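Trainee: 3D model of this:
(3 chains)
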Amino acid sequence: MSSTSNDILGNVFFNESALSIAPNLLGCKIFRRYKDNTVKGFTITEVEAYGGEEDLACHASKGITERTSIMYKSGGYLYVYLIYGMHWMLNIVSGAEGSPQAVLIRGLAECYGPGRLTKLLAIDKSFNGRHLGELEDLWIEKAQHNYKYNAGPRIGVNYAGEYWSNVPWRFWIDQNNQKGF
DNA sequence: GTAAGGATTGGC
DNA sequence: CCAATCCTTACT
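Mentor: Residues are numbered from 1 along each chain as shown, chains lettered A, B, ... in the order given. Reported below is the predicted structural model:
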């Protein structure tokens, strides 16, 4: 089973809203070419959508700053930032230019946890602001089929208030109801 | 300039 | 349960 360039997700995919992209990323494989030239692929199993200045859980709710400006770009850019002084978070900017949205990659089949998976993928601040379409060392290939998934509140955003801390914008593959997973 | 706090994790 | 740890943001 070989991959073709047609399987690689590009601008057409990422320019949709974060909310619609997020579940479609489930089952996609994120590939990394490491410095020693080895290539490994990991299946995305959990994501979260962040979108719009009105989303109080989204960093862009504070408006455009040096940190959040990347989210105002068109889809396909990477938003990578450090949290709690030690963990890199990997986000894919979504939506059209001027609409600050992003999808956080929270889990892989091979590695659960947003901080853990960036360590596995060797992703740090050097990836912030890069565009997926320009990268030879990181790309995402589309899922082979649609997966059944669950949705629930996002993690770690209790500060965002009653409504925004409870919107079901976290999506994960339903492993108990998945044939052949 | 300074202070407060966080899209988490792992160790006690 | 709670400390680690440092960057970004918002200012007594």
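Trainee: So for A:L138, what's the nearest residue that isn't a sequence neighbour?
Mentor: Nearest in space to A:L138, with sequence neighbours left out and distances taken as Cβ to Cβ, 6 or more residues apart in numbering, is A:R32 at 5.7 Å. (C-beta placed from N, C-alpha, C; glycine too.)
Trainee: Quickly check: the helix or strand containing A:N24 near DNA strand B or not.
Mentor: Using DSSP states H and E, A:N24 sits within helix A:18-25. No. Using Cβ under 7 Å from any atom of the strand, helix A:18-25 stays clear of DNA strand B, coming no nearer than 8.6 Å.
Trainee: buried stuff in the next helix or strand after that helix?
Mentor: Next helix or strand after helix A:18-25 toward the C-terminus (DSSP H and E): strand A:29-33. Across strand A:29-33, burial judged by 16 or more other Cβ atoms under 10 Å covers A:29-32.
Trainee: same deal with stretch A:50-64?
Mentor: Residues of stretch A:50-64 classed as buried: A:50-53, A:55, A:57-61 (neighbour count, 16+ other Cβ under 10 Å).
Trainee: what does that stretch contact?
Mentor: For stretch A:50-64, contacts defined as Cβ atoms under 8 Å, 6 or more residues apart in numbering pick out A:17-19, A:67-68, A:71-72, A:81, A:91, A:94-95, A:99-104, A:154, A:157, A:159-161, A:164-165, A:169.
Trainee: Alright, I will stop here.
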